[in-house]
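S.K.: give the three-dimensional model of this entry:
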Amino acid sequence: MNPFKIHNLESAPKGSKPILEKSLKETGMIANLHGVMAESPALLEGYQKIHALAQETSFSDEEVTVVWQTFNVEHACHYCVPAHTVIANMMKVDPAITGALRSRSKLPTEKLQVLHETALLMGRNRGVLADEDVEKFYAAGYENRQLLEIVLILSQKIMSNYVNHLADTPLDAPFQPFVWEKVS
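M.R.: All right, here's what the predicted structure looks like:
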């Protein structure tokens, strides 16, 4: 039994309606994830704000995609992996990057690979990194700012990935061509 409802503009709680209206205006749709999150106006607003902030980090489009998809794949999110594949395509990220992340293959550059490995370690070890891992991150050209921005993006992905696990959120039509299943 799935007790979660996918809200629309008519069924959403009052506090979520303006946020859903903004999503509809900006993207032409209300993503099912947003419809589920609408049950909690605070969660939906927080998620939207953190998503916007993630796009304002010092990361390039390729790098933010690496961090997003690293956590989506690690958390085995059936919804966010396809959704962020579409987002990456809209951002004109090299499909080799998204393909490598989706299949857990080596990334096309060492710098992106180090970013991916650092994000994985941060998530798996709850923010605890060994000195050698931090040194490798710095040697790849990153700084403390990017370590902190990984934390920001991880918090965003926990929100969406966990909601999708709880609600078994169905894929929206634009994401269906990019369906994804966890690779062992």
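S.K.: switch to C-alpha atoms for all contacts and neighbour counts from now on
M.R.: OK.
S.K.: so what touches the worst-scoring helix or strand of the chain on mean pLDDT?
M.R.: Least confident helix or strand, the chain: helix 17-27 with a mean of 94, by mean pLDDT, DSSP states H and E. Contacting residues not belonging to helix 17-27 are listed as Asn8, Leu9, Met29, Ile30, Ala31, His34, Gly35, Ala38, Leu44, Glu45 [C-alpha atoms under 8 Å, 6 or more residues apart in numbering].
S.K.: among those residues, which one has the most neighbours?
M.R.: Ala38 (27 neighbours; other C-alpha atoms under 10 Å).
S.K.: that one: what's it in contact with?
M.R.: Per C-alpha under 8 Å, 6+ apart, neighbours of Ala38: Ile6, His7, Ala12, Pro13, Ser16, Lys17, Leu20, Leu44.
S.K.: can you do 6 Å?
M.R.: For Ala38, the contacting residues are Ser16, Leu44, by C-alpha atoms under 6 Å, 6 or more residues apart in numbering.
S.K.: quick check on Leu101: phi, psi?
M.R.: phi -70, psi -40 (degrees, to the nearest 10).
S.K.: separation between it and Gly46?
M.R.: Distance of Leu101 to Gly46, given as C-alpha to C-alpha, to the nearest Å: 26 Å.
S.K.: more neighbours: which of the two?
M.R.: Remark: of Leu101 and Gly46, Leu101 carries more neighbours, 26 against 14, as counted by other C-alpha under 10 Å.
S.K.: ok, the more buried one to Ala76 distance?
M.R.: Counting by C-alpha to C-alpha, the gap from Leu101 to Ala76 is 12 Å.
S.K.: check Ser40 too.
M.R.: According to C-alpha to C-alpha, Ser40 stands 23 Å off from Ala76.
S.K.: could I get the full set of helices for the chain?
M.R.: Under the criterion DSSP state H, the chain contains helices at 17-27, 32-37, 41-54, 61-74, 80-90, 95-103, 110-124, 131-139, 144-167.
S.K.: for the ones you listed, give me TSV that also has distance to Glu181.
M.R.: Compiled in TSV, those are given as follows (distance: least, C-alpha to C-alpha, whole Å):
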stretch	distance to Glu181
helix 17-27	26
helix 32-37	18
helix 41-54	24
helix 61-74	9
helix 80-90	9
helix 95-103	9
helix 110-124	19
helix 131-139	29
helix 144-167	13
